[in-house]
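K.L.:
Take this sequence and fold it.
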Amino acid sequence: MPGLKRCLIAIVLLLTATPAVADARPVTSDGLRDLPAIHPVMTCGDVPQLDLTGVTDAKVTIQSATVVTTGTPKPYCEVKGTVAPANTVVVRLPIDGWTQRYVQTGCGGLCGSARIDYGQASTCPLVVDGSLAGATTDMGHQGQNDGSWALDNPQAQIDFAYRGVHVTSQVAKALISRFYGRGPAYSYFTGCSDGGREALMEAQRYPDDFDGIAAGAPANDMAVQNTFHHAWNVVANLDADGHATLLAGKLPLVHTAVLNACDALDGLRDGQLDDPRRCHFDPAALVCATGQAPATCLSPAEATVVRKLHDGAVDAQGRRLEPAIAHEWGSELEWSLFVPATPTGPSASANFALSYLRYLAFPGAQNPDFRLSDLKFTVASFWKTVQSSSYLAAMDPDLTRFQRGGGKLLLWHGWNDQHISPQSTLAYWDALRAATRVDSFARLYLFPGVAHCGGGDGPNTFDVLTPVMAWAESGKQPGKVVASNATRSRPAYPYPTVARYDGTGSVDDAANFVPFTPRTEPGPGYHWVGERLYSSDYQTWCRVVGGELVCRPAKTWLTALGSGT
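P.N.:
Residues are numbered from 1 along each chain as shown. Sure, this is the predicted structure:
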């Protein structure tokens, strides 16, 4: 039997491995392999009859397979199914000329819907021409973005944490192998926000699933992000009566003052900060003088709130409960996410924090009645609140297995992100550099003026997938990535290199900028209460036993801190 088992494993590997001929194919000007188009060996109508027993760790049910011809450059077979107990999987299989690549997309927020969204990979030529096979998942639950899907549903928590994305990759690759008679030559993942967390979770826990990964604005520090970070956005702005002190109408005033103080620091006054960490703006400069019209300045209380929102969560002794700089200078126009229009107006940050605190932060003690006032900004409370990091966070900087397997990683973040601080990604990058030979397999890009996963005042459309593909397929290392919007294009370079105007031509044309690497990297550093989470020994693997979430190892340094021992 052991010999038979080895034989079967070998057959599976042959079916799904990258064809040796692929590496011998010519390389295009983009650095991509010139792979021949492959046509199906079965019809779309045959797909529901496929038996996928043994493909993954649970039953796979194919519910439908439909040919889609509208709104797409190439017709494709759209397959919908489930991986038990409740992971919805959607797979697209091009009917007319598949170029042997598979791209899986991530899911934002708390997920709950299965919609293929290429995001900042949507301008990749192979996405545009429809020659890729694609897939996504709802990660084990449907709808209910308030987190209530996790109530008394530990399996849904596991699927959302890490299992859903992994089993989707297994099922999609199996479908590809059956539909075309061969597996993908190359497999990729792209996602932003929670999709970025999913991307890093794959690199950390399942390093063989993908050859290349693009992780944007990753919510990899999920437990901190959705508790202390977003809760601070709310409570730091409340007065003694529970009303908001700083209102959204004052944000343009603050933004203009920041630009006046710091816009020219990069040598070009262009309405965006190329590296906000070099800006040392003091909100106190906006405090009203005697007799000044209140609409043109800030009260002392408002200025204090601006400072708190920029700096991030701390305890009463000033110890940081998240990496320093929760919201970068220059991003103030995006703060309306959590700064309300009226004193009693809603804040999206309150919803983000409560969704997590009620249903995901305390697996053994879920509380739908939890209020933000129940969250204590203390070190002891911090460690009790972030225990779910052991399976929901993707903080492990040791990507040695991913690197050894030839995997390539492109991290990216917008400097004006209003949801997730770029400092979180920079802190992870700092840990990654300390743990691995990062230059051999990973790059980080920071995009000035870009908000969460896109939008913002800066050039906010760019292709993060083609550089990853080229690196994985031909070894072409990522260099300049051009970002654009309706009025401007700018290059971005691998961190810490930035773009500098060459002094000629339009400042709105990327062709007139050159790379410049500063001698030093500015910034507040990455020392904070939870910095130990950037390690390899906090993680657990979980399963459902008797209706309860049971994770192993049962005791780690994280659980010890959570119990106060």
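K.L.:
Report the secondary structure element holding the residue minimising distance to the centre of the chain.
P.N.:
Central residue of the chain (Cα atoms, centre = their mean): residue 196, 2.0 Å from the mean position. Assigned by DSSP states H and E, residue 196 belongs to helix 194-205.
K.L.:
ok, the residue nearest to residue 235 when sequence neighbours are not counted to residue 456 distance?
P.N.:
Nearest residue to residue 235 in three dimensions, chain neighbours excluded: residue 372, at 6.2 Å (Cβ to Cβ, 6 or more residues apart in numbering). Where C-beta positions appear, they are placed from N, C-alpha and C, glycine not excepted. Here residue 372 is placed at a distance of 27 Å from residue 456 (Cβ to Cβ, to the nearest Å).
K.L.:
So if I had to pick from the two, which one is more boxed in?
P.N.:
The neighbour count for residue 372 versus residue 456, taken as other Cβ atoms under 10 Å, is higher for residue 456 (24 against 18).
K.L.:
Would you confirm that the residue nearest to residue 235 contacts residue 231?
P.N.:
Yes - Residue 372 is in contact with residue 231 according to Cβ atoms under 8 Å; the separation is 5.4 Å.
K.L.:
shared neighbours, those two?
P.N.:
Overlap of the contact sets of residue 372 and residue 231 (by Cβ atoms under 8 Å, 6 or more residues apart in numbering) consists of 350, 353, 357.
K.L.:
Relative to residue 167, which of those residues is nearest.
P.N.:
Comparing the shared contacts of residue 372 and residue 231 against residue 167 with Cβ to Cβ places residue 357 closest, at 28.0 Å.
K.L.:
ok, the residue lying closest to residue 301 once chain neighbours are set aside - contacts?
P.N.:
The shortest distance from residue 301 to any non-neighbouring residue, by Cβ to Cβ, 6+ apart, is to residue 245 (5.1 Å). Contact partners of residue 245, counting by Cβ under 8 Å, 6+ apart, are 237, 238, 239, 299, 301, 302, 305.
K.L.:
out of those, what pair is the most spread apart?
P.N.:
Most distant of these, by Cβ to Cβ, are 238 and 299, 14.8 Å apart.
K.L.:
rewinding a little: from residue 267, how far out is the residue nearest to the centre of the chain?
P.N.:
According to Cβ to Cβ, residue 196 stands 31 Å off from residue 267.
K.L.:
So residue 455: helix, strand or coil?
P.N.:
Under DSSP: H, G, I helix; E, B strand; the rest coil, residue 455 falls in the coil class.
K.L.:
go on, residue 134?
P.N.:
Assignment for residue 134 (three-state DSSP): strand.
K.L.:
residue contacts, the closest residue to it other than its chain neighbours?
P.N.:
Spatial nearest neighbour of residue 134, excluding adjacent residues (Cβ to Cβ, 6+ apart): residue 92 at 4.6 Å. Residue 92 sits next to 68, 76, 77, 78, 79, 116, 133, 134, 135 when contact means Cβ under 8 Å, 6+ apart.
K.L.:
Repeat the analysis, applying 10 Å as the threshold.
P.N.:
Residues in contact with residue 92 (Cβ atoms under 10 Å, 6 or more residues apart in numbering) are 68, 72, 74, 76-79, 103, 116, 130, 132-136, 172.
K.L.:
what does residue 110 give?
P.N.:
Taking Cβ under 10 Å, 6+ apart as the test, what residue 110 contacts is 139, 141, 143-150, 160, 194, 219, 222, 226, 352, 355-356, 359-360.
K.L.:
Restricted to buried residues, select those residues in PyMOL.
P.N.:
A single PyMOL command selects the buried members of those (16 or more other Cβ atoms under 10 Å):
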select buried, resi 139+141+145+146+147+148+149+150+160+194+219+222+226+352+355+356+359+360
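K.L.:
Show only the entries of the contacts of residue 110 found in strands.
P.N.:
Judged by DSSP state E, strands contain none of these.
K.L.:
Now which of the contacts of residue 245 would you call buried?
P.N.:
Among the contacts of residue 245, those scoring as buried are 237, 238, 302, 305 (criterion: 16+ other Cβ under 10 Å).
K.L.:
Residue 527 and residue 155, how far apart?
P.N.:
Residue 527 sits 37 Å away from residue 155, taking Cβ to Cβ as the criterion.
K.L.:
Likewise for residue 499?
P.N.:
In terms of Cβ to Cβ, residue 499 sits 47 Å off from residue 155.
K.L.:
Residue 428 contacts residue 199, correct?
P.N.:
No - using Cβ atoms under 10 Å as the test, residue 428 is too far from residue 199 to be in contact (11.9 Å).
K.L.:
And the two? Which one has more around it.
P.N.:
With neighbours defined as other Cβ under 10 Å, residue 428 and residue 199 compare such that residue 199 has more, 30 against 26.
K.L.:
Now the more buried one. Nearest residue, chain neighbours left out?
P.N.:
According to Cβ to Cβ, 6+ apart, the nearest residue to residue 199 is residue 215 (3.7 Å).
K.L.:
quick one, phi psi at the one you found?
P.N.:
phi -120, psi 110 (degrees, to the nearest 10).
K.L.:
Equivalent analysis for the one 3 residues further on, please.
P.N.:
Residue 218 adopts backbone torsions of phi -70, psi 130, taken as degrees, to the nearest 10.
K.L.:
Chain neighbours aside, what residue packs nearest to it?
P.N.:
Nearest one to residue 218, counting by Cβ to Cβ, 6+ apart, is residue 196 at 3.0 Å.
K.L.:
Kindly report the same for residue 123.
P.N.:
residue 463 (4.7 Å).
K.L.:
what is residue 212 paired to in the beta sheet?
P.N.:
Counting by DSSP bridges, residue 212 is bridged to residue 188, residue 408.
K.L.:
Verify the stated contact: it with residue 187.
P.N.:
Yes - counting by Cβ under 10 Å, residue 187 is a contact partner of residue 212 at 8.0 Å.
K.L.:
Understood, closing this out.
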